[in-house]
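[1] after the sequence you'll find the predicted model.
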Amino acid sequence: MKVLLIVANQKGQSLIEAVATLGIILLILTGIITATTYSIRNSNYAKTQSQATKYATELTEWFRSQRDDQDWATFLARTNTYCFNDVSIEWPIITGACSVSDYSLESKYKREATLTRASASAVTINITVSWQDESGIHQSNLETYLTQW
């Protein structure tokens, strides 16, 4: 009779071991899936931010070329806020801030520039490229100081 009790206890014990093992495997898989999800989200954010920085840098270079191609008085007279909602950059540009829903660069970004007269021979340009994703609104800012030369 003792033999039968030992066999019965071993069957129940293997069921508990199987459930515990399954629980441990599920915890490990949950951790791996969570880490992978965060990694993909961070990778997408970095890619999007890099593109936004590229758009800001592109606009900075365009303003630098405008300063070089125009006389200083014409460039200085353009102090204002502008919405650059197109990939091609050329005057005339929409004057004023971009609208709240104006994400037109790749249907994802909006790009604004504010030119401020710092002195008679200097202009500060603040460029903001913003985008919106599932975690909210993000911005990439770039400030440039151009002088008359």
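    Yep, it's here. For clarity, every value in this text was computed on a predicted model and none was experimentally measured.
[2] now the strands for this structure?
    For the chain, the strands defined by DSSP state E occupy 81-83, 94-95, 109-119, 122-133, 136-147.
[3] gap between the fourth one and the chain center?
    When you say that, I think you mean strand 122-133. Distance of strand 122-133 from its chain centroid, counting by C-alpha atoms, centre = their mean, to the nearest Å, is 13 Å.
[4] can you tell me which of the strands of the chain the model trusts least?
    Looking at the strands of the chain, the lowest mean pLDDT belongs to strand 94-95 (a mean of 74).
[5] could you give me the buried positions within stretch 107-126?
    When neighbours are counted by 16 or more other C-beta atoms under 10 Å, the buried residues of stretch 107-126 are found to be Tyr109, Lys110, Arg111, Glu112, Ala113, Leu115, Val123, Ile125. For the C-beta atoms, the positions are set from N, CA and C on the backbone; glycine is no exception.
[6] for stretch 23-32, that is, sorry about that
    When burial is assessed from 16+ other C-beta under 10 Å, stretch 23-32 yields no buried residues.
[7] report the mean per-residue pLDDT for that stretch.
    For stretch 23-32, mean pLDDT rounds to 96.
[8] how far does that stretch sit from the chain's center?
    Chain-centre distance of stretch 23-32: 31 Å, with C-alpha atoms, centre = their mean.
[9] now flag whichever of the buried residues of stretch 107-126 is closest to Ala18.
    Nearest to Ala18 out of these is Tyr109 (C-beta to C-beta; 52.4 Å).
[10] any idea what that closest one is bridged to?
    According to DSSP bridges, the partner residues bridging Tyr109 are Leu105, Trp131.
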